[in-house]
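1. need a structure here:
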Amino acid sequence: MRSLLVLAPFFVFLLHVYYGSLRVYVFNQRKKSLVKKTDKMKCMKEWRKSE
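-> Here you go, the predicted structure:
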């Protein structure tokens, strides 16, 4: 029982790091998709100007 109490904070820390890195990864994926959308908008504007 005592060993479980000693290891509990360690496991909580590992979970915190894991979910934190997961959140950063998801946020970066969203940023990439936003960049792609703005690039598409720029291409459309340039295409309309060229007509």
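2. low pLDDT regions in the chain?
-> For the chain, the stretches flagged by pLDDT under 70 are 1, 25-38, 40, 43, 51.
3. what about 50?
-> Along the chain, no part satisfies pLDDT under 50.
4. what about the helices in it?
-> 2-50 (DSSP state H).
5. residue contacts, residue 13?
-> Taking CB atoms under 8 Å, 6 or more residues apart in numbering as the definition of contact, residue 13 has no neighbours. (Each C-beta comes from the backbone N, C-alpha and C, glycine too.)
6. against residue 7, how distant is it?
-> In this view, residue 13 and residue 7 are 11 Å apart by CB to CB, to the nearest Å.
7. ok, residue 23 next?
-> 24 Å.
8. equivalent analysis for residue 41, please.
-> 51 Å.
9. same thing with residue 14?
-> According to CB to CB, residue 14 stands 10 Å off from residue 7.
10. alpha carbons only: can I get stretch 4-22 in CSV?
-> Extracted C-alpha coordinates of stretch 4-22, given in CSV (Å, rounded to 0.1, in the frame of the first residue of the first chain):
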residue,chain,number,x,y,z
LEU,A,4,1.3,2.7,-4.3
LEU,A,5,1.2,6.0,-2.4
VAL,A,6,4.8,6.7,-3.4
LEU,A,7,4.3,5.9,-7.1
ALA,A,8,0.9,7.7,-7.5
PRO,A,9,2.5,11.2,-8.0
PHE,A,10,4.9,9.8,-10.5
PHE,A,11,2.0,8.3,-12.6
VAL,A,12,0.0,11.5,-12.3
PHE,A,13,3.1,13.4,-13.6
LEU,A,14,3.4,11.0,-16.5
LEU,A,15,-0.2,11.4,-17.5
HIS,A,16,0.1,15.2,-17.3
VAL,A,17,3.1,15.1,-19.6
TYR,A,18,1.4,12.7,-22.0
TYR,A,19,-1.8,14.6,-22.3
GLY,A,20,0.1,17.9,-22.5
SER,A,21,2.2,16.7,-25.5
LEU,A,22,-0.9,15.3,-27.1
